[in-house]
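Novice: sharing a sequence plus its predicted fold:
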Amino acid sequence: MIELTARKLLLDLVTARPHTRFSISALCRAGEIVGLSGPSIRMAATRLNEEGVLDRDGRGTYTPHPDRLRTYPHVEHWEDRHLSVVPWSGRWVAVENSATARTDRATLRHHERALHLLGFRAWRGALHVRPDNLRDGVDGLRRALGNTGMAPEAAVFGIDQLDPATDRELRRLWDTGELVARLDRTTDELTRSRDHLSALSAEEFARESLLLGSRAIATIVHDPLLPAELCDPEPHRRLVALTRSYQETAQTVWGRLLGLDEQD
């Protein structure tokens, strides 16, 4: 499980409610609910302000700018990611990045994160590949990778006309059994949380929903969206539908606890 830090709490709040202005007292109240100290929340808010993710006015109120996070486009549209899947022709997309120096660790770290978020897997050490089954094809993936942190020197291109043995090798790069199991486990966790909501106080559900909702969205965002020929799409769709309704309930509870008013 990902550790809940003050920074992660604030990022979860501002990405979930990007049109809400947050007072520092509301942010500290959120920290109190999940067991984080006021000073740690204030420090995290200050650092996010320095990074441009939070803008502070003279009254101690913060306006979110989550679009300044490289990964925000993936999180922002988590509910609709599956709609970008198109029928698969059997073609593949590859990324090659031998031109970036191995000593450039920051660039390589951002590059690897971009590849992972877009569902690529390493193949034979030199390439990363994924099925070409997303809307806008190779050009769309090239843009998305570039916007997410792909190394500037990397090349993105299509692969087709593979021999059957190599094609089978590529299809085995993803552990689809584990992918489906992870989606199903998360669905089961949200179902149990929803079903015992009435037994929890508002603060208890807020704390639980923050952890489970964040985990569910992360599971959805990191699903590689493989074609139906490789992985059953229904577990992803079930989790999206459940997470959508779960998050609506959670946002209502959090908004009431923190006294938040949507600005638009």
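Specialist: The structure has been received and is ready for your questions. Numbers count the residues shown, from 1 in each chain.

Novice: can you map out the helices along the stretch 151-264 of the chain?
Specialist: 164-171, 176-195, 202-221, 234-258 (DSSP state H, counting those that start in this stretch).

Novice: how about Val93, secondary structure?
Specialist: Using DSSP: H, G, I helix; E, B strand; the rest coil, the structure places Val93 in strand.

Novice: excluding its backbone neighbours, what's nearest it?
Specialist: The spatial neighbour of Val93 that comes closest, neighbours along the chain excluded (CB to CB, 6 or more residues apart in numbering), is Asp132 at 4.7 Å. From N, CA and C alone the C-beta is placed, and that goes for glycine too.

Novice: any idea of the pLDDT on Ala154?
Specialist: With respect to pLDDT, Ala154 has a value of 96.

Novice: residue contacts, the closest residue to it other than its chain neighbours?
Specialist: Spatially, and ignoring its direct neighbours in sequence, Ala154 is nearest to Asn97 (4.0 Å; CB to CB, 6+ apart). Asn97 is in contact with 111, 128, 150-151, 153-155, counting by CB atoms under 8 Å, 6 or more residues apart in numbering.

Novice: give me the neighbour count for the residue nearest to Val93.
Specialist: By the criterion of other CB atoms under 10 Å, Asp132 has 21 neighbours.

Novice: hmm, it is touching Val86, no?
Specialist: No. Contact criterion CB atoms under 8 Å: Asp132 and Val86 do not qualify, at 9.1 Å.

Novice: tell me the contacts of Leu9?
Specialist: 30-31, 34, 36, 41, 44, 210.

Novice: name the element it belongs to?
Specialist: helix 6-16 (DSSP states H and E).

Novice: model confidence over that helix, on average?
Specialist: Helix 6-16 carries an average pLDDT of 92.

Novice: what's the angle from it to helix 202-221?
Specialist: When axes from the mean of the first three to the mean of the last three CA atoms, to 10 degrees is applied, the directions of helix 6-16 and helix 202-221 differ by 80 degrees.

Novice: could you list the paired strands of the helix or strand following helix 6-16 along with their orientation?
Specialist: Next in sequence after helix 6-16, counting helices and strands by DSSP H and E, comes strand 22-23. According to DSSP bridges, strand 22-23 has the following sheet partners: strand 61-64 (antiparallel).

Novice: give me the residues contacting the partner strand.
Specialist: 14-15, 17-24, 27, 45, 49, 53-57.

Novice: what about Ala228, neighbour count?
Specialist: 12.

Novice: where's it relative to His82, distance?
Specialist: According to CB to CB, to the nearest Å, Ala228 stands 11 Å off from His82.

Novice: ok, Ile220 next?
Specialist: 9 Å.

Novice: shared neighbours, those two?
Specialist: 236, 240.

Novice: which one of those two has more residues nearby?
Specialist: Ile220 (21 against 15).
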